[in-house]
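A.B. asks: Sequence plus the predicted model coming up.
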Amino acid sequence: MSELDPLEEHEEYTETELLEAEYLLLDKAFRTSFALIVGKTTLKVILSEDEGVILAHDPDSPLDTVRNMNSLQNMMDYFIEEEEYEKCAKVRDIINLFKPNDTN
């Protein structure tokens, strides 16, 4: 297996199948992180599920870290693309909680 081609072991899948799998993982990560961030679930519940854990943010770091703020922005962009505007608005509100106040 070549270190330059991480998908080499998945050559039996078409590019379309790989893109679909990637989309499903991304969707699960954003939705799981969203549910955790807005308090609809807990990390304990997520970890107890047999499906495996995938998150779009770092649950061990505060939400206002640069890394998690980037993740929140990506999450908001994802929900805009999916036309799930209520989720988008909730993520926007969380982002705005941590933005520095620009007024003097």
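C.D. replies: It's in. Numbering: from 1, shown residues only.
A.B. asks: any low-confidence regions in the protein?
C.D. replies: 1-11, 101-104 (pLDDT under 70).
A.B. asks: hey, where'd the helices end up in it?
C.D. replies: 15-37, 43-48, 66-81, 85-98 (DSSP state H).
A.B. asks: can you tell which of these is closest to residue 55?
C.D. replies: With Cβ to Cβ, the closest approach to residue 55 among the helices of the chain belongs to helix 15-37: 4.8 Å. (Glycine included, C-beta is placed from N, CA and C.)
A.B. asks: residues in contact with the closest one?
C.D. replies: Defining contact as Cβ atoms under 8 Å, 6 or more residues apart in numbering, one finds that helix 15-37 is touched by 7, 10, 13, 40-43, 46, 53-57, 59, 63, 71-72, 74-75, 78-79, 87, 90-91, 94.
A.B. asks: same thing with stretch 69-84?
C.D. replies: In contact with stretch 69-84 (Cβ under 8 Å, 6+ apart) are residues 26, 30, 33-34, 37, 56-58, 63, 85, 87-88, 91-92, 94-95, 98.
A.B. asks: Mind checking which of these are buried?
C.D. replies: The neighbour count (16 or more other Cβ atoms under 10 Å) marks 30, 33-34, 37, 56-57, 63, 87-88, 91-92, 94-95 as buried among these.
A.B. asks: want to try CSV for those residues, with distance to residue 20 as columns?
C.D. replies: CSV is the format used below for the buried ones among the contacts of stretch 69-84 (distance: Cβ to Cβ, whole Å):
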residue, distance to residue 20
30, 16
33, 21
34, 21
37, 26
56, 18
57, 23
63, 30
87, 22
88, 23
91, 24
92, 28
94, 29
95, 29
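A.B. asks: Having no further points to raise, I will conclude here.
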